[in-house]
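Student: No letters, just coordinates:
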DNA sequence: CTTCATATGAATAATATGTTTCAGAAGCAC
DNA sequence: GTGCTTCTGAAACATATTATTCATATGAAG
């Protein structure tokens, strides 16, 4: 290692809170392609970050360098140290933490989960699911279990912004039969059931299927027993170095589904978003006078 | 790869025979610590190679560049290509779908978000947050906004399994002052506030800080205005090709925090998990006879 | 030893870079 | 809203970098 024992990246992290809007915009660019983006002239860097050159110079000072060239010199020397050391692994995520830090372990693991999930995910199936959820003719109900209710709720909140006829089924399973009453044949039921599969979900799925409701099931790699009643199911990888399972990949899929539904129903969605916007404005106004 | 398909190193090798003594001395230095040595100013490079600056400029021309800066630019872009991680250069995620399928676009994007978030995240700060959340002496309250309530709820559910004194503050902000009453100086408030930052959250943060409550804020890369009242804040990247923002990275961080708290408090957590297990068993038994 | 061709770097000119200043914009507090 | 503070980038300025010129050095050929 060179004489400096604190990297530019770390200085940025440490000082981030003290930076202004334009400066943050700038350091984002620097870190995005670290450290190469900081190697060119101050002018080029400023252009890439859409800020002025004085902003770059000021930031360098703020971070404790004598000026931009000084910062650049350190970047070069860091790079030299990195490149000349064959042992350096570039796949460390949180650069200032050791390989064994939980952040790095988690990151490796989650990426692996994502990769494996997508490897097994059929794009055609995904598109069919999107199709089902975009169809205004059929209502959509969403239900989750003990730990997956948050996912259900997240999905519901977004779907609700895009279309009519979306219901979030409450946590308490004793009320579920009532919800079933308003689900007709062809309607869509989105279920979440991960490891430590829940009895209630299983029974609910069975009853729903009997009514001709089409079930989309989000489950884990091993598969919930409710799978046998589902029209489509998506298996997310959920294992991480923790006593609990990870919902990150499932949430990823949900967001992709949401984005796809949004594309599919853009005219309607767009209209609704604008209305919603207007409503929020009114609420704000209302609050002011209370 | 950039537009040029022949590297500087190759050009040097190809043109080596045509070079003069001083020029060869120079390119030896360049290749010795390739490509960093070529990143500084022409003056420094000349000094390192014990030649004059005109020699450097002439050599650049001889190798077919317009001038020294042009050669330097190519060195930079080569470096960029080398350094940028192979993970992002997608080996297509969902194998059967085209590159342009939303799943693949989303995957690239989210990985990028994760990488950039972790680049900004200081491991020491992370550890301090874990420390705060593991301390049984102080209660922990969790609150989210319109779209981030699901995250708050997810976090709460897990924290609740690990320790006593965790509260989920309800969605409806009119009740928030009541929750404030039971928060004492030193207690911890976990807040979520993403783009379209919410007034209520801001005011709540201000009041909480005034009471000496320590705030941990989960926000986006631009930073919620509530940040100025927070003891620690974590900035997640949230942009994806969608009309809405992504919570995947935030959820990732949450899970890492949860795992770390679990490690920190393992004796207590372990005990609680077993008790919880027993309780669930009883519930099941109970249901059977109903 | 002289001549000539080529190579080289000191000095200088041309150009680009980085810094500072300052006026206007944006945000905040009252 | 009004006044205050802070932030920001255009422009001017100072500085460093790069290209060019040219005198000298070097070495090969006769």
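Tutor: Received it, and whenever you're ready, just let me know what you need. From a predicted model like this one, the values you see are computed outputs, not experimental measurements.
Student: for DNA strand D, what are the nearby residues on the stretch 51-200 of chain A?
Tutor: A:51-55, A:58, A:69 (CB under 7 Å from any atom of the strand). Yep, even glycine has a C-beta here, placed from its N, CA and C like the rest.
Student: which one of the residues you listed sits closest to DNA strand D?
Tutor: residue A:52 (3.0 Å; CB to the nearest atom of the strand).
Student: residues in contact with the closest one?
Tutor: For residue A:52, the contact set (CB atoms under 8 Å, 6 or more residues apart in numbering or on different chains) comprises A:22, A:46.
Student: Residue B:144 versus that one, what's the distance?
Tutor: 37 Å (CB to CB, to the nearest Å).
Student: swap in residue A:63?
Tutor: Going from residue A:63 to residue B:144 by CB to CB gives 33 Å.
Student: pLDDT score assigned to residue A:77?
Tutor: Residue A:77 carries a pLDDT value of 85.
Student: That one - how many residues pack around it?
Tutor: 16 (other CB atoms under 10 Å in any protein chain shown).
Student: and it, how far is that from residue B:205?
Tutor: Using CB to CB, residue A:77 is found at 41 Å from residue B:205.
Student: quick one: the strands in chain A?
Tutor: A:140-143, A:166-168, A:188-193, A:214-220, A:232-236 (DSSP state E).
Student: which parts of the stretch 1-150 of chain A sit against DNA strand C?
Tutor: Within the stretch 1-150 of chain A, the positions near DNA strand C by CB under 7 Å from any atom of the strand are A:41-44, A:53-54, A:57-58, A:60, A:66-69, A:72.
Student: how about residue A:201, what does it touch?
Tutor: If a contact means CB under 8 Å, 6+ apart, then residue A:201 has A:143, A:145, A:191, A:193, A:224, A:226 as its contacts.
Student: Nearest residue to it in space, please, no chain neighbours.
Tutor: Sequence neighbours aside, residue A:193 is the residue nearest to residue A:201 in space, at 4.6 Å (criterion: CB to CB, 6 or more residues apart in numbering or on different chains).
Student: Verify the stated contact: that neighbour with residue A:216.
Tutor: No - the pair residue A:193 / residue A:216 is not scored as a contact, 11.6 Å apart, by CB atoms under 8 Å.
Student: For the two, indicate the residue with more neighbours.
Tutor: Neighbour totals were compared for residue A:193 and residue A:216, and residue A:193 leads with 27 against 22 (other CB under 10 Å).
Student: For the more buried one, give the beta-bridge partners.
Tutor: residue A:219 (DSSP bridges).
Student: what residues are up against residue A:191?
Tutor: Contacts of residue A:191 (CB under 8 Å, 6+ apart): A:143-144, A:201, A:204-205, A:215-218, A:226, A:230.
Student: Now flag whichever of the contacts of residue A:201 is closest to chain B.
Tutor: residue A:145 (11.0 Å; CB to the nearest CB).
Student: how about the closest residue in space to that closest one that isn't next to it in sequence, phi and psi?
Tutor: Excluding its sequence neighbours, the residue lying closest to residue A:145 (CB to CB, 6+ apart) is residue A:198, at 4.5 Å. When quoted as degrees, to the nearest 10, the phi and psi of residue A:198 stand at phi -110, psi 140.
Student: What's the local residue count around residue A:198?
Tutor: Based on other CB under 10 Å, the number of other residues close to residue A:198 is 20.
Student: What of residue A:55?
Tutor: By other CB under 10 Å, the residues close to residue A:55 number 20.
Student: go on, the one 5 residues further on?
Tutor: Using other CB under 10 Å, the number of residues around residue A:60 comes to 22.
Student: The one 10 residues further on too?
Tutor: As a burial measure, the neighbour count of residue A:70 was computed by other CB under 10 Å and equals 13.
Student: what's it in contact with, if anything?
Tutor: residue A:60.
Student: how close does it get to residue B:172?
Tutor: 53 Å.
Student: same check, this time on residue A:253
Tutor: Distance from residue A:253 to residue B:172, by CB to CB: 30 Å.
Student: Could you list the low-pLDDT ranges of chain A?
Tutor: By pLDDT under 70, the low-scoring segments of chain A are A:1-5, A:84-99, A:277, A:279-290.
Student: residue boundaries of the helices in it?
Tutor: Under the criterion DSSP state H, chain A contains helices at A:8-15, A:21-32, A:42-49, A:53-62, A:68-84, A:102-120, A:123-134, A:149-162, A:176-181, A:199-210, A:248-264, A:266-289.
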